[in-house]
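Visitor: What would the 3D arrangement of this be:
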Amino acid sequence: MDADLKRVILAFLAHRYPSSYTTREIVRRLAHKEKDIVGHLNDLLKAGYLQATKDKLDGSIVWNCSPVGREVVSRYGLESYTRCGFSARRHTIYIAGQMAGLPENNFKAFFDAEARLISDGWDPVNPARFDHVFGKNPTGKLLDACCESERAAIPYLDAIYLLKGWEKSKGAKRELAVALQHNLEVIVEE
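Guide: Numbers count the residues shown, from 1 in each chain. Got it, this is the predicted structure:
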């Protein structure tokens, strides 16, 4: 498993080039323990496959693939070798579902779906996170602003994930309409 995880890390960073990621972002996106990831990042750095710099703002270490690392990935076809199935097309996904009328606005279902999607290699946009910012039960103009800010992101994403019971939600139906208008992939929770 150790060698496999090194390959996944290297392929992930090479695939996302020219982007750089902090250790925390890599841990979150690859859904592994931080201690495992950090050891492998340091090994890959010593081997010359990665480059690391200090972020000027928060002082965290930022990682990216070196030219040698990208060459190794392309030579051996490691892009397809991954536990998480990341690819250029399967990247960002919006979670849609019923909130109104359910206990605690159904936040648990949204956060559970977010965790599953992250472990499957997606980068989810979770509207429950926005609602935490606006309060538990935003109403009136505040609710309208919250919904509009969430819906505005949909055209720039790759897919929409519909939670069970989505058809009972007016908001989820509108979000699906926007997604279909912009040819997003639609995935329905089983």
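
Visitor: what's near enough to touch residue 178?
Guide: 151, 154-155 (Cβ atoms under 8 Å, 6 or more residues apart in numbering). C-beta here means a position set from N, CA and C on the backbone, and glycine is covered the same way.

Visitor: Filter these down to the buried ones.
Guide: Neighbour-count burial (16 or more other Cβ atoms under 10 Å) is assigned, among those, to 151, 154.

Visitor: Among the contacts of residue 178, which one lies nearest to residue 4?
Guide: The closest of those to residue 4 turns out to be residue 154 (Cβ to Cβ; 34.8 Å).

Visitor: For that closest one, give me the pLDDT.
Guide: As predicted, residue 154 sits at a pLDDT of 87.

Visitor: Isn't it up against residue 180?
Guide: No: assessed by Cβ atoms under 8 Å, residue 154 is found out of contact with residue 180, at 10.1 Å.

Visitor: helices and strands around the helix or strand containing residue 39, which ones?
Guide: Element membership for residue 39, per DSSP states H and E: helix 34-46. Contacts defined by 3 or more Cβ pairs under 8 Å, 6 or more residues apart in numbering; DSSP states H and E place helix 34-46 against helix 2-15, helix 23-30, strand 50-54.
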